[in-house]
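Visitor: please work out how this folds:
(one chain, ligands or ions: 1)
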Amino acid sequence: MTGETDAARRNGRGTEAAIEAVGVELTYADGTRAVDGVDLRVPRGEFFGFLGPNGAGKTTTIKTLATLLSPTAGTVHVNGFDVVREPRKVRQSIGYMAQETSVDPELTAEENLRFACEAYGVPRADRDERIVELLDLVDLADVADKRAEEFSGGMKKRLDAATALVHSPPLVFLDEPTTGLDPKARNRLWAYFREMNDAGTTIFLTTQYLEEADQLCDRLSVIVGGRIVATGSPADLKREVGGEILDIDLEDGEDARERAVEVAESSGLFEASATVESTAEGVTVTSRRARERGTDLLVALRDAGLDVVGFNVRAPTLDDVFLAITGEHLDGEDDGEDADGTADEGAAAAPEVGR
Ligand SMILES: Nc1ncnc2c1ncn2[C@@H]1O[C@H](COP(=O)(O)OP(=O)(O)OP(=O)(O)O)[C@@H](O)[C@H]1O
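Guide: I've put the predicted structure just below:
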């Protein structure tokens, strides 16, 4: 044993960042390069998000940071420990909530947590108190003695989250923790994650839900095709879109939309860096002058014989950020499935990437 204290062992070294990754690559045996040169720095205490569509490389990255996969290039330090040379120390200093549940359906909520305490080496004397605390945190105290097989998808996820926390790690990885949950269950989990973070836990969360990233994260990176294409706070990223969004709905079909794009582009109403796009409903203009010049554009469209049936000026969303960076939308329909595969009522849902 080295002379390090319990706290130092748990919390990592000195004032290092929680996560420091440089030039990380991960190529699978079949040649798929799932992570392609990722640089990341997550300071302690931050709620950090990793947002991207299906197959972007989120799970591969999180598994690499959590020592479940070895990077094929680059270096990763987690809580000051090298993931390749000191994997055991990394594991002692992190919690990991995988996409697949780690809950044993045969065991009660309390037994699941007791099992996790054992697995993580939580001192025997601390276990009872810790279990009560965690059941409380995720609102499962009332069902502590019920077997997990009776739980809804949301309850299982909450138990999963509690399981990742038994050893009070300073850093927790959450891999798409709310995928498939209905909005109510999702909101509830968000509240626990906020509480965890407020209590000082650094959180690294992967998500394909725009709203999740927007609501929870201090900062986020957008990953596409194994590469980070943008990093910043949600507000900074939205500001970078460069203005506001003017959505115009047209009565007529594709020809009208194309014509409207031409009118908007040649109108001289907007700055050169403004963008004009045809949408399913009509046309969208992203411009610093969207608000100021919006009505002038409506007049120009009407003069061109186009039938405007609605318009709206709004602040950019993270989907607009994604669109500006990649040329594609990130949002889609929720599949409305609970984590255990049962359909939920009212799963109209936060915007997300289509499955
Ligand atoms: N074991 C594997 N062997 C080969 N390729 C893999 C393996 N696991 C994942 N991939 C591929 O690596 C890429 C990144 O996958 P990854 O699961 O990291 O993405 P993701 O962003 O987490 O997606 P999802 O939202 O579907 O979980 C994809 O092209 C995927 O098909």
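Visitor: quick one: pLDDT of the residue of the chain positioned farthest from its centre?
Guide: The outermost residue of the chain relative to its centre, with distances by Cα atoms, centre = their mean, is Asp303 at 44.4 Å. pLDDT recorded at Asp303 is 95.
Visitor: the ligand contacts on the chain?
Guide: Residues of the chain lying close to the ligand (Cβ under 6 Å from any ligand atom) are 28, 30, 32, 34, 52, 54-60, 208. (Each C-beta comes from the backbone N, C-alpha and C, glycine too.)
Visitor: among those, which are in strands?
Guide: Ala34 (DSSP state E).
Visitor: among the residues of the chain next to the ligand, name the buried ones.
Guide: Burial of those was assessed by neighbour count (16 or more other Cβ atoms under 10 Å); the buried members are 34, 52, 56-60, 208.
Visitor: and the chain, what are its domains?
Guide: Using automatic domain parsing, the domain parsing of the chain gives 6-232, 242-315.
Visitor: straight-line length of the shortest one, end to end?
Guide: Using Cα to Cα, to the nearest Å, the span of domain 242-315 from its first residue to its last is 10 Å.
Visitor: which residues are in contact with the closest residue to the ligand within the stretch 201-350 of the chain?
Guide: Per Cβ to the nearest ligand atom, Gln208 is where the stretch 201-350 of the chain lies closest to the ligand, at 5.5 Å. By Cβ atoms under 8 Å, 6 or more residues apart in numbering, the residues touching Gln208 are 51-54, 58, 176, 179, 330, 352-353.
Visitor: and the longest helix seen in the chain, how far out from the chain's middle?
Guide: Longest helix in the chain, counting residues (DSSP state H): helix 183-198. The chain centre lies 13 Å from the centre of helix 183-198; the measure is Cα atoms, centre = their mean, to the nearest Å.
Visitor: ok, now stretch 65-74?
Guide: Its chain's C-alpha centre and that of stretch 65-74 lie 20 Å apart, by Cα atoms, centre = their mean.
Visitor: ok, and what's touching that stretch?
Guide: 19, 21-27, 35, 37-38, 60, 63-64, 76, 78, 83-84, 87, 90-91, 94, 96, 173, 204.
Visitor: same deal with stretch 295-306?
Guide: By Cβ under 8 Å, 6+ apart, the surrounding residues in contact with stretch 295-306 are 246, 248, 250, 252, 256, 259-260, 263-264, 267, 269, 285, 308, 311.
Visitor: could you pull out the strands for the stretch 51-200 of the chain?
Guide: 73-78, 81-82, 94-97, 171-175 (DSSP state E, counting those that start in this stretch).
Visitor: direction included, what does the last one pair against?
Guide: Strand pairing for strand 171-175, determined by DSSP bridges: strand 94-97 (parallel), strand 202-207 (parallel).
Visitor: what angle separates it from strand 73-78?
Guide: Strand 171-175 and strand 73-78 are oriented at 120 degrees to each other (axes from the mean of the first three to the mean of the last three Cα atoms, to 10 degrees).
Visitor: list the contacts of strand 171-175.
Guide: With Cβ under 8 Å, 6+ apart as the test, strand 171-175 has contacts from 18-19, 44, 58-59, 62, 65-66, 78-79, 93-99, 161, 164-165, 193, 196, 201-206.
Visitor: residues contacting Ile275?
Guide: Actually, residue 275 is Thr. It isn't Ile. 285-287, 324.
Visitor: 10 Å - rerun?
Guide: 241-243, 245, 264-265, 284-287, 320, 323-324 (Cβ atoms under 10 Å, 6 or more residues apart in numbering).
Visitor: all helices for this protein, in order.
Guide: Using DSSP H, helices in the chain cover 6-11, 58-65, 87-92, 109-119, 124-137, 153-163, 183-198, 210-216, 234-240, 254-266, 290-303, 318-326.
Visitor: so where is the stretch 201-350 of the chain shaky, pLDDT-wise?
Guide: Along the stretch 201-350 of the chain, segments meeting pLDDT under 70 span 331-350.
Visitor: thinking Met97 is in contact with Pro177, fair?
Guide: Yes - with contact defined as Cβ atoms under 10 Å, Met97 reaches Pro177; the gap is 5.7 Å.
Visitor: how many neighbours does the closest residue in space to Lys63 that isn't next to it in sequence have?
Guide: Distances taken as Cβ to Cβ, 6 or more residues apart in numbering place Leu69 nearest to Lys63, at 4.5 Å, with adjacent residues excluded. Per other Cβ atoms under 10 Å, the neighbour tally for Leu69 reads 18.
Visitor: and the gap between Leu69 and Pro177?
Guide: For Leu69, the distance to Pro177 (Cβ to Cβ, to the nearest Å) stands at 19 Å.
Visitor: and what of Ala235?
Guide: 23 Å.
Visitor: of the two, which one has the most company?
Guide: Pro177 (27 against 10).
Visitor: contact partners for the more buried one?
Guide: Contacts for Pro177 were tallied using Cβ under 10 Å, 6+ apart; they are 97-99, 157-158, 160-161, 164, 186, 189-190, 192-193, 203, 205-207, 212, 339.
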